[in-house]
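Chemist: any chance you can model this:
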Amino acid sequence: MNHTNMVIFAGAGPGDPDLITVKAMNALKTADLIIYAGSLVPKAVLCWKGEKTETLSSEDMDLTRIIDTIREYSSKGMKVVRLHTGDPSLYGAILEQMRELEKFNIPYEVIPGVTAAFAASAKMKMEYTIPDETQTLILTRISGRTRVPDSEDLEKLASHRSSMVIYLSIGHVKKVQAILETYYGKENLCAVAFKVSHPEEKIIYTKIKHLVKTCEEHHIVRHALIIVGKSVEAGITPGRSGSSKLYDSGFSHGYRTAEK
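Modeler: Coordinates of the predicted model:
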């Protein structure tokens with residue numbers, strides 16, 4: 001078979017069509033077929049597709065069917081875009097798809113996207129890395145139907161007390177709350193970011209001890225991040241955090257000499 005066109009794995013961003021990259025937008029415009037993750041990627045993002053572009057939702061497709069469809073179109077010299085939510089490299093299950101394409105010598109490339117953690121921080125006007133407070137951001141999930149390695153157990157990661165964004169874990173929110181209470185404190189703030197950048201978006205600040213209650217009150221059972229760490233409170237508390245050395249007039253670096 002002659003696979004003349006590169007298959008493209010593209011990040012759709014968190015939901016807002018304007019938060020897709022220019023490169024991914026152009027790929028959608030010129031695609032013959034877009035296979036999109038229909039359970040997560042809103043159809044609004046497909047506004048960038050070409051007039052004659054076909055679209056298929058993969059929500060009821062298994063790996064074999066996805067690959068067979070890509071092979072069929074690719075073998076005819078047609079351009080296929082595999083559109084994933086957020087950034088494809090994060091909980092995107094793209095590695096198994098790429099390995100299958102390699103078996104059939106089908107060339108591919110990956111276009112990154114904006115993940116929900118960064119769309120949320122932008123909306124919340126917060127910085128995950130705060131001078132003298134926290135310089136580490138952990139993106140993780142709690143163990144559920146998809147197991148998490150013991151070394152990455154949420155309790156072990158929470159013990160660092162860094163900025164942390166917990167994906168795909170609202171279904172286990174009681175366990176998440178218990179762990180966060182232990183390491184971050186019951187009275188400290190966390191945030192629940194629901195469908196960030198979608199029309200239904202909600203950003204809810206709550207004390208960790210009220211996390212379960214907050215999710216219940218707002219009927220949040222999926223499609224939400226749990227964000228925790230000193231960065232959450234600093235983002236809504238004026239004067240809460242320190243300043244970086246980068247723009248400190250008394251700090252010299254390769255491009256500027258400190259003022260005396």
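
Chemist: for my notes, confirm residue 191 occurs in a strand.
Modeler: Yes: Residue 191 forms part of a strand when assessed by DSSP: H, G, I helix; E, B strand; the rest coil.

Chemist: touching, residue 139 and residue 90? I think so.
Modeler: Yes: here residue 139 lies in contact with residue 90, judged by CB atoms under 8 Å, at a distance of 6.7 Å. All C-beta atoms are positioned from the backbone trio N, CA, C, and that covers glycine.

Chemist: just the C-alphas of stretch 7-14, formatted as CSV.
Modeler: Provided in CSV are the C-alpha atoms of stretch 7-14 (Å, rounded to 0.1, in the frame of the first residue of the first chain):
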residue,chain,number,x,y,z
VAL,A,7,-1.4,10.7,9.7
ILE,A,8,-1.7,13.5,12.2
PHE,A,9,-2.5,13.2,15.9
ALA,A,10,-3.7,16.6,17.0
GLY,A,11,-4.6,18.1,20.3
ALA,A,12,-8.1,19.8,20.2
GLY,A,13,-7.4,21.8,23.4
PRO,A,14,-9.8,21.8,26.4
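
Chemist: what does the worst-scoring helix or strand of the chain on mean pLDDT rub up against?
Modeler: Every helix and strand of the chain was ranked by mean pLDDT, DSSP states H and E. The lowest is helix 230-236, at a mean of 87. For helix 230-236, contacts defined as CB atoms under 8 Å, 6 or more residues apart in numbering pick out 124-130, 133-134, 161, 163, 188-191, 205, 240-241.

Chemist: can I have the buried ones of these as a ChimeraX selection?
Modeler: In ChimeraX syntax, the buried subset of the contacts of helix 230-236 is picked out as below (16 or more other CB atoms under 10 Å):
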select :124,126,127,128,130,133,134,161,163,188,189,190,191,241
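
Chemist: sort out for me which of the contacts of helix 230-236 are in strands.
Modeler: Residues of those located in strands (DSSP state E): 163, 189-191, 205.

Chemist: in TSV, list those residues along with distance to residue 82 and pLDDT.
Modeler: As requested, the ones in strands among the contacts of helix 230-236 are arranged in TSV below (distance: CB to CB, whole Å; pLDDT from 0 to 100):
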residue	distance to residue 82	pLDDT
163	31	97
189	38	96
190	34	97
191	31	98
205	36	97
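
Chemist: which pair in those residues spans the largest distance?
Modeler: Using CB to CB, the ones in strands among the contacts of helix 230-236 reach their maximum pairwise distance at 163 and 205, which is 15.0 Å.

Chemist: re the thing from before, overlap in contacts of residue 139 and residue 90?
Modeler: Here residue 139 and residue 90 have 115, 167 as joint contacts, going by CB under 8 Å, 6+ apart.

Chemist: how does this protein divide into domains?
Modeler: For the chain, automatic domain parsing gives the domain ranges 7-111, 116-236.

Chemist: hey, where'd the helices end up in the stretch 101-250 of the chain?
Modeler: 116-124, 154-158, 173-184, 211-217, 230-236 (DSSP state H, counting those that start in this stretch).

Chemist: okay if I get those as TSV plus distance to residue 72?
Modeler: Shown next, in TSV, are the helices of the stretch 101-250 of the chain (distance: least, CB to CB, whole Å):
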stretch	distance to residue 72
helix 116-124	32
helix 154-158	41
helix 173-184	42
helix 211-217	42
helix 230-236	47
